[in-house]
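Chemist: Kindly return the folded structure for what I paste below:
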Amino acid sequence: MTEAIRKAVIPVAGMGTRFLPATKTTPKEMLPVVDRPAIEYVVEEAVSAGLTDVLMVTGRTKRTLEDHFDRVPELEAALEAKGDDARLALVRRATELAQVHFVRQGEARGLGHAVLCAKGHVGDEPFAVLLGDDLIDERDPLLQRMVAVQAQHGGSVVALLEVPRDQVGLYGCAELAQDDATAGQEDVVRLAGMVEKPDPADAPSNLAIIGRYVLSPAVFEVLERTPPGRGGEIQLTDALQTLAGTSPEQGGGVRGVVFRGRRYDTGDKLDYLKAVVRLASGREDLGPGLREWLAEWVASGFDTEAPTHAPVRR
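Modeler: Have a look, this model is predicted:
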């Protein structure tokens, strides 16, 4: 058994160029998914897995993230004076989720560099890394499972997703190895290595690495000596490739948890819209009305010319 994991690292320094102009002044992590910013879902996931010490690796345009997880006494006082306890609870919820810390990534040098920026905070203990573009449904405890696998086997653990072969080139791809230690665990595999965005014809599998990692602190030393790779950036995948060939006694070894649950990609415009619709459809307060409207719109043949009728406010 390895040391219990307490800390989560969330890299949020990216510029969000795919969502311009919306992200010109608003961090992409603050874009609303139904009625909460995407970043709040990610922090909630970490907390649900028992990780209440959260470090966000930010950039110079990300002050709004810090403000969201800070108290707003004037707003809270106004809601309290109105007796609006429901909204007051929602406002306070983000500030009470976890101990949230922030460190700046001075220059954009890749995901590996962002993780390396967390070294001083994490120290010599295993930790989780959560990327904000991937939202995992709260009903699917992926991170909890990864933490358990790391506690059992040590080393590092990545989340894997089966994708169509022609889409493998969009991801880091896992090369598998024989692993007697995980016999009987159908969702756990051992990685011999990883290939960043391979040509589909050369990909070693159709298992893509998605944005959840549980890492050995040995990754920091490896990242410090990892040269820039694809795009001139320090790639986390390259460091994991090194760890995959390192003995467990040296903090090495990489396993993967194959995820077959519900994942929402908010890093792409179309998938972002799908995520909002799916999550809203599952809500008790919004789902019935939204599903009814969707059924009517589908029946109309997706008529975008018909006038809309706003509901009467009561």
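Chemist: center of this structure, which residue is that?
Modeler: residue 131 (3.2 Å; C-alpha atoms, centre = their mean).
Chemist: Backbone dihedrals for that residue, both of them.
Modeler: With angles defined as degrees, to the nearest 10, residue 131 sits at phi -90, psi 140.
Chemist: same check, this time on residue 224
Modeler: Residue 224 has phi and psi values of phi -60, psi -30 when expressed as degrees, to the nearest 10.
Chemist: Apart from its neighbours in sequence, what residue is nearest the residue nearest to the centre of the chain?
Modeler: residue 211 (2.9 Å; C-beta to C-beta, 6 or more residues apart in numbering). Backbone N, C-alpha and C define where each C-beta goes, glycine included.
Chemist: so that neighbour, which of the three states?
Modeler: Using DSSP: H, G, I helix; E, B strand; the rest coil, the structure places residue 211 in strand.
Chemist: For residue 267, see how far away it is.
Modeler: 9 Å (C-beta to C-beta, to the nearest Å).
Chemist: Mutual contacts of those two, please.
Modeler: Here residue 211 and residue 267 share the contacting residues 133-134, scored by C-beta atoms under 8 Å, 6 or more residues apart in numbering.
Chemist: Quick check: buried residues in stretch 148-155?
Modeler: 148-151, 153-155 (16 or more other C-beta atoms under 10 Å).
Chemist: Check whether the residue nearest to residue 131 really touches residue 133, as I assumed.
Modeler: Yes - between residue 211 and residue 133 there is a contact under C-beta atoms under 8 Å: 6.1 Å.
Chemist: Please list all residues in contact with residue 161.
Modeler: Going by C-beta under 8 Å, 6+ apart, the list of residues near residue 161 reads 207-208, 210, 258-259, 263.
Chemist: next one: residue 229
Modeler: 110, 196, 235, 237-238.
Chemist: Counting neighbours, what do you get for the residue nearest to residue 131?
Modeler: Number of residues near residue 211 (other C-beta atoms under 10 Å) recorded here: 22.
Chemist: can you offset everything so residue one is 842?
Modeler: Okay, using 842 as the starting number, the last item reads as residue 1052.
Chemist: can you pull the pLDDT of it?
Modeler: As predicted, residue 1052 sits at a pLDDT of 92.
Chemist: just to revisit the earlier point, out of the buried residues of stretch 989-996, which sit inside helices?
Modeler: Among the buried residues of stretch 989-996, the ones falling in helices (DSSP state H) are 989-992, 994.
Chemist: Could you list the low-confidence segments of the stretch 992-1141 of the chain?
Modeler: 1024 (pLDDT under 70).
Chemist: For it, which segments are assigned as helices?
Modeler: 1059-1065, 1077-1085, 1110-1122, 1128-1140 (DSSP state H, counting those that start in this stretch).
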